[in-house]
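Enquirer: sequence? don't have it. structure:
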């Protein structure tokens with residue numbers, strides 16, 4: 001195993017595409033922001049709006065899309081499910 005050459009999943013993540021540019025995001029994310037944690041449920045529990053500090057209610061937000069996926073050791077967000 002070579003962590004410098006091989007890409008590995010670190011944890012589950014959500015990409016919230018709000019159409020805005022946010023600093024310090026995975027290199028393949030142009031708009032929106034990525035939130036990650038130990039479990040998808042944990043991510044939803046601790047998600048807050050970066051500007052207001054209030055919990056994010058995805059139903060009330062005018063979002064382009066919410067993507068489920070994974071964060072990797074190459075600082076990338078990968079969308080979708082992984083076959084075992």
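Expert: Nice, thanks for sending it over. Bear in mind the structure is a predicted one, so any value in this text is a computation, not a measurement. Numbers count the residues shown, from 1 in each chain.

Enquirer: contacts, neighbours, all on C-alpha from now
Expert: Noted.

Enquirer: which residue ranges form the strands in the chain?
Expert: For the chain, strands defined by DSSP state E occupy the ranges 9-17, 33-36, 65-72, 77-79.

Enquirer: if you average pLDDT over the first one, what comes out?
Expert: Computed over strand 9-17, the mean pLDDT rounds to 91.

Enquirer: which strands border it, and is each parallel or antiparallel?
Expert: strand 33-36 (antiparallel), strand 65-72 (antiparallel) (DSSP bridges).

Enquirer: and the last one, by the same measure?
Expert: Under the criterion DSSP bridges, strand 77-79 sits next to strand 65-72 (antiparallel) in its sheet.

Enquirer: which residues does the strand it pairs with contact?
Expert: 7-18, 36, 77-81 (Cα atoms under 8 Å, 6 or more residues apart in numbering).

Enquirer: which of the residues in it are buried?
Expert: 67-72 (16 or more other Cα atoms under 10 Å).

Enquirer: got it, and stretch 6-14?
Expert: In stretch 6-14, counting by 16+ other Cα under 10 Å, buried: 12-14.

Enquirer: who's in contact with the residue minimising distance to the centre of the chain?
Expert: Per Cα atoms, centre = their mean, the C-alpha nearest to the average position across the chain is that of residue 34, at 2.7 Å. By Cα under 8 Å, 6+ apart, the residues touching residue 34 are 13-16, 25-26, 77.

Enquirer: what do you get if the cut-off is 7 Å, keeping everything else the same?
Expert: 13-16, 25 (Cα atoms under 7 Å, 6 or more residues apart in numbering).

Enquirer: for residue 15, same thing?
Expert: 32-35, 66-68.

Enquirer: want to throw these into a markdown table with distance to residue 53 and pLDDT?
Expert: Shown next, in a markdown table, are the contacts of residue 15 (distance: Cα to Cα, whole Å; pLDDT from 0 to 100):
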| residue | distance to residue 53 | pLDDT |
| --- | --- | --- |
| 32 | 16 | 90 |
| 33 | 15 | 89 |
| 34 | 16 | 93 |
| 35 | 14 | 90 |
| 66 | 19 | 82 |
| 67 | 21 | 88 |
| 68 | 22 | 89 |
